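Peer 1: predicted model and sequence below, questions to follow.
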There are 4 protein chains.
Amino acid sequence: MSTKDTIDIGVLGYRFMGRAHSNALARLPMFFPEAPKTVRHTLIGRDEEALTEAAEQFGFANTTTDWNEAIEKVDILYNLGPNHIHPEPSIAAVEADTHVFCEKPMAPTLKQAKEMREAAADSNALAGCAFNYRFVPALQYAKELIDDGELGEIHHFRGRYLQDWLVDPDAPWSWRNSRELAGSGALGDLGAHTLDLAQFLVGNVERVSGHLQTFVDERPVPDEDDTRPVTVDDAYSAQAELEGGVMGTFEASRFATGHKNDHTIEIHGSEGSLKFSLERMNELKILRGDDRGYETVLVTDESDPYIDHWWPPGHVISWEHIFVHENYEFLTAIREGKEFSPSFEDAYQVQCVLDAIHQSSKQNQWIKLDDIIR
Amino acid sequence: MSTKDTIDIGVLGYRFMGRAHSNALARLPMFFPEAPKTVRHTLIGRDEEALTEAAEQFGFANTTTDWNEAIEKVDILYNLGPNHIHPEPSIAAVEADTHVFCEKPMAPTLKQAKEMREAAADSNALAGCAFNYRFVPALQYAKELIDDGELGEIHHFRGRYLQDWLVDPDAPWSWRNSRELAGSGALGDLGAHTLDLAQFLVGNVERVSGHLQTFVDERPVPDEDDTRPVTVDDAYSAQAELEGGVMGTFEASRFATGHKNDHTIEIHGSEGSLKFSLERMNELKILRGDDRGYETVLVTDESDPYIDHWWPPGHVISWEHIFVHENYEFLTAIREGKEFSPSFEDAYQVQCVLDAIHQSSKQNQWIKLDDIIR
Amino acid sequence: MSTKDTIDIGVLGYRFMGRAHSNALARLPMFFPEAPKTVRHTLIGRDEEALTEAAEQFGFANTTTDWNEAIEKVDILYNLGPNHIHPEPSIAAVEADTHVFCEKPMAPTLKQAKEMREAAADSNALAGCAFNYRFVPALQYAKELIDDGELGEIHHFRGRYLQDWLVDPDAPWSWRNSRELAGSGALGDLGAHTLDLAQFLVGNVERVSGHLQTFVDERPVPDEDDTRPVTVDDAYSAQAELEGGVMGTFEASRFATGHKNDHTIEIHGSEGSLKFSLERMNELKILRGDDRGYETVLVTDESDPYIDHWWPPGHVISWEHIFVHENYEFLTAIREGKEFSPSFEDAYQVQCVLDAIHQSSKQNQWIKLDDIIR
Amino acid sequence: MSTKDTIDIGVLGYRFMGRAHSNALARLPMFFPEAPKTVRHTLIGRDEEALTEAAEQFGFANTTTDWNEAIEKVDILYNLGPNHIHPEPSIAAVEADTHVFCEKPMAPTLKQAKEMREAAADSNALAGCAFNYRFVPALQYAKELIDDGELGEIHHFRGRYLQDWLVDPDAPWSWRNSRELAGSGALGDLGAHTLDLAQFLVGNVERVSGHLQTFVDERPVPDEDDTRPVTVDDAYSAQAELEGGVMGTFEASRFATGHKNDHTIEIHGSEGSLKFSLERMNELKILRGDDRGYETVLVTDESDPYIDHWWPPGHVISWEHIFVHENYEFLTAIREGKEFSPSFEDAYQVQCVLDAIHQSSKQNQWIKLDDIIR
């Protein structure tokens, strides 16, 4: 990164995640004026026409179909493409000392994730993984409570992530149904979020037993008179032992009829308990000390994480705000030469658990993480 | 307004509402690309230093302390100051055929509101009042259900708006505690929203009985060793008959300990019922036809009002998004030369009910709206 | 009452309330062994056949169609008939020094209620009114919290009672639709409960403004080819000032589509707030001191009111249990020669407010209770 | 059983379950008059003094400390003692053609359960296991919906049962902490309920992977200056494949701080979903067909299972009512010579899964039920 005042950003991917991060960058100056100034420099993609249109809408000055070219020019590469696009450009970027902010899960395979992690370790660039839910104010607040010992010794972590967009057997095939392109299904797409929150809030998984299931074996290809096989899981469950003897249970599904984006976390400790639901993300249910029941706390007070940047108490924020927080932290870490979590190292930990769950499901037995992380 | 491509906007007020509308204007291009293009032209205020700083943060090219000057230069005046600032600049603007978007409630007194309404009626400019909650997707959806007859004949409308920021007797005095500057307290600040939703969703108030109460009579003035009298209500309740014999009950308080921004609406008709709560604004509880209980609907599907502009199902939006919708509609109405609701006429209706509640509370008897609206 | 060991009970009415109280009496020995022993002595009604069948099912030794006869023989008369049956037998009983436990509301008219209250005052018998909801553990617990000052100075009391059994215009006419037989509609049937809870939890109503409405003017008579006029309210609302400047809002309806027995109470004080809903009667939502949100407390701990007589924590109790508590308290008061609340005096207070709401609705103005209670 | 009109019942155990079933028997005549008439004949226990007192309170004519003697005299033996007391008297009873109603879980060990099941199969007596939650109206209603295909093909069953009475390390040791006396801990005590509901609502477990954990290894013995080892699980989790490829996840804990008796069931099918929580046992959350969210249904309508025997809509019932339903069904099956579910065969299925979870946790691998059930 040069000594200039602003940070030039190249974004690979211009669909859902491209839009979410571009919006976050655009909003920083008004709400986080102390954040580093950024330039939406180059938008990277394959379809030139769609790319040009997206660049205009998202506020990018340039476009390119060659991510190598972009890596040369920008200070940070946002790698927001499908999972199989994560490894190669991310590695190229950190090798060029260009910072990388990569979407989750890290990579389709553990081998690729390991290469990414090693490349990042050998680089002067900062490499972050966009596990955005760490930056929900209610979950930052939960983290504070746990770290302050308000919940005592933790006994249980329970996380599940429910969606229903594949329950219709005629829902179309996409890259998300392909083991080659995505690595896994509900496990990597949804479960990775839950596993990252577990390590963020409670600690690392030490051993795990997994269960993957595919309910529909093939799906129609859009605009083709054909089907393609579904080679990933439609749903997974896992049970685990985490650091310190914490029992963990995990589950995600794309077949949970009626649930759109229902990510819930529940934690029980010797002194208290917590409950969180993404669809009511401004709330945290907290039980502590002499409480007789859960307090439903609206985490929108001025003293709550990030809230002083936004609106008065009770004026709720939303999913997209999480990306603003995440970008603020990543950009600030770059400016100040500090660590950023979740790093590629953190993301690799998650990837090891994803892999262990996958292996466990195939082998019908528990897997120790020590046998995977090397 | 000139024949140029963009709409120049002048904003009077740079605090809470100034920020909310500036943000809305800034976000339109990325999410509502079909909206008219706007220029944040001039920010208007009294304190030059604060004004300059705010202009930079909110993206305004110019500042002025003279709203008359701004009215000459811009296409729309956003009047976002305290209530007592609403009448004079709004009237000046529409007299100059400059469009006006004025915050609620319309004015401190009914007399002033009437002058504003008449000035707007005599002008070619569009005059809108920023009752933003009409533009919550869940409430737009509620409106559709009611208009489609899904609830049958309406029997009950129940609205309440609870906050607690004055429950501490040492909470400081502000213009919101002054009858001269604000017109009324919880009634005009919070109740005006509820009354507007009643007329939007169900129909006009025909007669009303009100109850105003002030729990704390004087409050300390910040940075002064003195107190000033509280000359407005800390809480109000009202019961009403609306068009078609609908029973209405209304309530708001700044003394509802534990409630931050809790605006709830409940409607019962012969065929169904609805419940809405602002603190869970992505949800609408709906009971219809053969339903045995309320369905908790997450109003975030692509087919829901405005949602196709934002994120996938289950990725919730927030309070500030309402302002984007509101600005989109107002700006579109201007470009297309159409009506906009809530208009000054709609806002005047609300003002008449506010006044009737006030009179009723003093006279201890019901007031007919026909005796007020002339 | 004789000096014998058991209390002989005569019950007038063998339908809904007859069953609820008979069940309560039958359950006392197993769960409240310290309660006075009772004998279900005589069941009183008009239809001999139905009466005989009910007596067998409810465990009564005798039946009679003459309540005067029963009053001679029993120690307590439970007056559980329709409202217009309340005055005469109740007065006859207390005049014979037979204790009376009378269902609510006290009487169709204020004049009758006054006579009942005076007869009770002149008698050695105990006269109680069966406002059962005072005996919900969660509400007893609420009362303790308020009396202990945990909520500070009370500012708001909000109560509403929603049902929907008349929303169908073809729902049949019954005595509950007749001013002569019932006194009023939703007001006396449902509102009386809410008003009693207000005086129990917070204090007496000092002035009130009411609004009564009848949505359907006549209803079909069962088994007749005819309709009869509805001469009572289908719904009411009221706003009030209670002792100490508490603002009260009240509402009940038989037209609240989808609500079966939805009685909710909400209270805000300077230091805390409470919420209760009858349909989740084992729960109390409590906010106190430094709480940031309501705690959802399951009021089923051994230390909670009455719970040590029932089941372990979390093993919920129900609507009918309230009657056991109520009977326990009334019978114990008789044995110990103590006062019982709600007394006829308490019930008369409620009747005065019912009357004031009625008058207020007709006169379109506030009524002071001092002008009614004499 | 003799040809006499009434059924004589002997009850072994006079604490929690003894009270719950005695109450159920006492309540049947008033609310289920069509039920067989029963006599609370003999109460069986070891402590004569406590036994005599309990017999009086629960309405038993006789007591004995010899269950063999009772088996000779009564028509049904209710076996409500601690788990290790289940096998011997139950087997003796069915061998004497005395019907048995045995509490859950069936037995401490699979071997014992197998002997019980075989004895029952060889007998003319009816042998039922008291998995009471099948008789919650909301769950009976859920069963109807599933059987009618309203949820389509089932994909997910999720059950968890949370309590917190052992989270304090000084909570006293009891037979429930002993492998010898109880068989297992949270698994058999709480998990058995969930597993029975899974087989009732969805189908049998075909393979399972379990995880048991003990957080506190020894506990103080009441009234002794000593501790005893905890030889059972404080919490368990399991993941399973059920008939038809349904994914199941199960969990229970005695360490879930703040949860008293929180048993929840969630089911997702191709056409709909259900949610149930025991602490709100009158409610069922249902999503079907074109529903956009869960309907919160109060299962208290006259047409709902068992409700016509109780109270009007919205007048909620409770935990103890479940025992009345269960006893009604068991007694009716005896009178009519019909099957009763849950039978010893059903209970044996549950016991096999309990055993499989236990083995799986020790062996760190999945267990197929076919390898256990023989």
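Peer 2: Thanks, I have it.
Peer 1: near chain B, which residues of chain A?
Peer 2: A:16, A:19-20, A:22-23, A:26-27, A:29-31, A:33, A:57-59, A:163, A:165, A:259-262, A:278-282, A:298, A:300-301, A:310-321 (CB under 8 Å from any CB of the partner chain). In short, each C-beta sits where N, CA and C put it, glycine included.
Peer 1: just checking, which of these belong to strands?
Peer 2: Among the residues of chain A next to chain B, the ones falling in strands (DSSP state E) are A:262, A:298.
Peer 1: now go through the residues of chain A next to chain B and say which are in helices.
Peer 2: A:16, A:19-20, A:22-23, A:26-27, A:29-31, A:57-58, A:319-321 (DSSP state H).
Peer 1: and those residues, which are buried?
Peer 2: A:19-20, A:22-23, A:26-27, A:29-31, A:57-58, A:319-321 (16 or more other CB atoms under 10 Å in any protein chain shown).
Peer 1: what is the nearest of those to chain B?
Peer 2: Among those, A:Trp319 lies closest to chain B (CB to the nearest CB), at 4.3 Å.
Peer 1: now do the contacts for the closest one.
Peer 2: By CB atoms under 8 Å, 6 or more residues apart in numbering or on different chains, the contact list for A:Trp319 reads A:261, A:278, A:281, B:311, B:315-317.
Peer 1: quick one: these as CSV, columns for neighbour count too.
Peer 2: Formatted as CSV, these follow (neighbours: other CB atoms under 10 Å in any protein chain shown):
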residue, neighbour count
A:Asn261, 22
A:Leu278, 22
A:Met281, 26
B:Trp311, 21
B:His315, 21
B:Val316, 27
B:Ile317, 26
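Peer 1: list the contacts of A:Asp5.
Peer 2: A:Asp5 touches A:Lys37, counting by CB under 8 Å, 6+ apart.
Peer 1: and it, how far is that from A:Lys338?
Peer 2: Between A:Asp5 and A:Lys338 the computed distance is 19 Å (CB to CB, to the nearest Å).
Peer 1: what do you get for A:Gln363?
Peer 2: A:Gln363 is 41 Å from A:Lys338, by CB to CB.
Peer 1: pretty sure A:Ile267 contacts A:Gly152?
Peer 2: No: using CB atoms under 8 Å, A:Ile267 is not in contact with A:Gly152, being 10.9 Å away.
Peer 1: looking at these two, which is more packed in?
Peer 2: Shown here are A:Ile267 and A:Gly152; by other CB atoms under 10 Å in any protein chain shown, A:Ile267 has more neighbours (26 against 16).
Peer 1: so the more buried one, which state does it fall into?
Peer 2: strand (DSSP: H, G, I helix; E, B strand; the rest coil).
Peer 1: count the neighbours of the closest residue to A:Phe330 other than its chain neighbours for me.
Peer 2: Distance criterion CB to CB, 6 or more residues apart in numbering or on different chains; nearest residue to A:Phe330, sequence neighbours excluded, is A:Gly128 at 5.1 Å. Here the count is done by other CB under 10 Å, and A:Gly128 has 26 residues near it.
Peer 1: residue contacts, A:Gly128?
Peer 2: With CB under 8 Å, 6+ apart, A:Gly128 has these contacts: A:99-102, A:330, A:333, A:340-344.
Peer 1: mind redoing it with 10 Å?
Peer 2: A:76, A:78, A:99-102, A:120, A:326-327, A:329-330, A:333-334, A:339-344, A:346-347 (CB atoms under 10 Å, 6 or more residues apart in numbering or on different chains).
Peer 1: relative to B:Gln57, how far out is it?
Peer 2: In terms of CB to CB, A:Gly128 sits 27 Å off from B:Gln57.
Peer 1: mean confidence for stretch A:181-193?
Peer 2: Averaged across stretch A:181-193, pLDDT comes to 97.
Peer 1: quick one: is that stretch near chain D?
Peer 2: No: judged by CB under 10 Å from any CB of the partner chain, stretch A:181-193 makes no contact with chain D; its nearest approach is 10.9 Å.
Peer 1: and A:Gln363 and A:Lys338? which has more neighbours close in?
Peer 2: A:Gln363 (13 against 10).
Peer 1: surely that one and D:Gln365 touch.
Peer 2: Yes: using CB atoms under 10 Å, A:Gln363 makes contact with D:Gln365 at a distance of 8.2 Å.
Peer 1: quick one: name the residues of chain A near chain C.
Peer 2: Checking chain A against chain C by CB under 10 Å from any CB, the hits are A:141, A:283-287, A:291-299, A:301, A:304.
Peer 1: switch to 7 Å and redo it
Peer 2: Counting by CB under 7 Å from any CB of the partner chain, chain A comes close to chain C at A:291-298.
Peer 1: run through who's touching stretch A:40-47.
Peer 2: Under the criterion CB atoms under 7 Å, 6 or more residues apart in numbering or on different chains, residues A:8-14, A:22, A:25, A:51, A:54-55, A:58-65, A:67, A:70, A:73-74 lie in contact with stretch A:40-47.
Peer 1: could you measure from A:Arg27 over to chain C?
Peer 2: Noted for A:Arg27: a distance of 27 Å to chain C, by CB to the nearest CB, to the nearest Å.
Peer 1: next: A:Thr214.
Peer 2: According to CB to the nearest CB, A:Thr214 stands 38 Å off from chain C.
Peer 1: which parts of chain A are helices?
Peer 2: So, for chain A - with DSSP H - the helices run A:16-31, A:48-58, A:67-73, A:87-95, A:110-121, A:137-147, A:179-182, A:186, A:192-201, A:319-336, A:344-363.
Peer 1: export those helices to a markdown table and tack on distance to D:Tyr133?
Peer 2: Formatted as a markdown table, those follow (distance: least, CB to CB, whole Å):
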| stretch | distance to D:Tyr133 |
| --- | --- |
| helix A:16-31 | 42 |
| helix A:48-58 | 54 |
| helix A:67-73 | 57 |
| helix A:87-95 | 50 |
| helix A:110-121 | 43 |
| helix A:137-147 | 32 |
| helix A:179-182 | 40 |
| helix A:186 | 30 |
| helix A:192-201 | 29 |
| helix A:319-336 | 37 |
| helix A:344-363 | 31 |
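Peer 1: give me whichever of these is most buried.
Peer 2: The highest average neighbour count among the helices of chain A, using mean count of other CB atoms under 10 Å in any protein chain shown, belongs to helix A:186 at a mean of 28.
Peer 1: how is chain A divided into domains?
Peer 2: For chain A, automatic domain parsing gives the domain ranges A:6-132, A:134-317+A:343-368.
Peer 1: dump these into TSV; add distance to C:Ser253 as well.
Peer 2: Formatted as TSV, the domains of chain A follow (distance: least, CB to CB, whole Å):
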stretch	distance to C:Ser253
domain A:6-132	45
domain A:134-317+A:343-368	27
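Peer 1: out of those, which is closest to C:Gln112?
Peer 2: domain A:134-317+A:343-368 (44.0 Å; CB to CB).
Peer 1: now do that closest one: distance to the chain's middle.
Peer 2: With CA atoms, centre = their mean, to the nearest Å as the basis, domain A:134-317+A:343-368 stands 10 Å off its chain's centre.
Peer 1: one more: stretch A:11-25?
Peer 2: 14 Å.
Peer 1: got it, and stretch A:341-352?
Peer 2: That offset, for stretch A:341-352, works out to 10 Å (CA atoms, centre = their mean).
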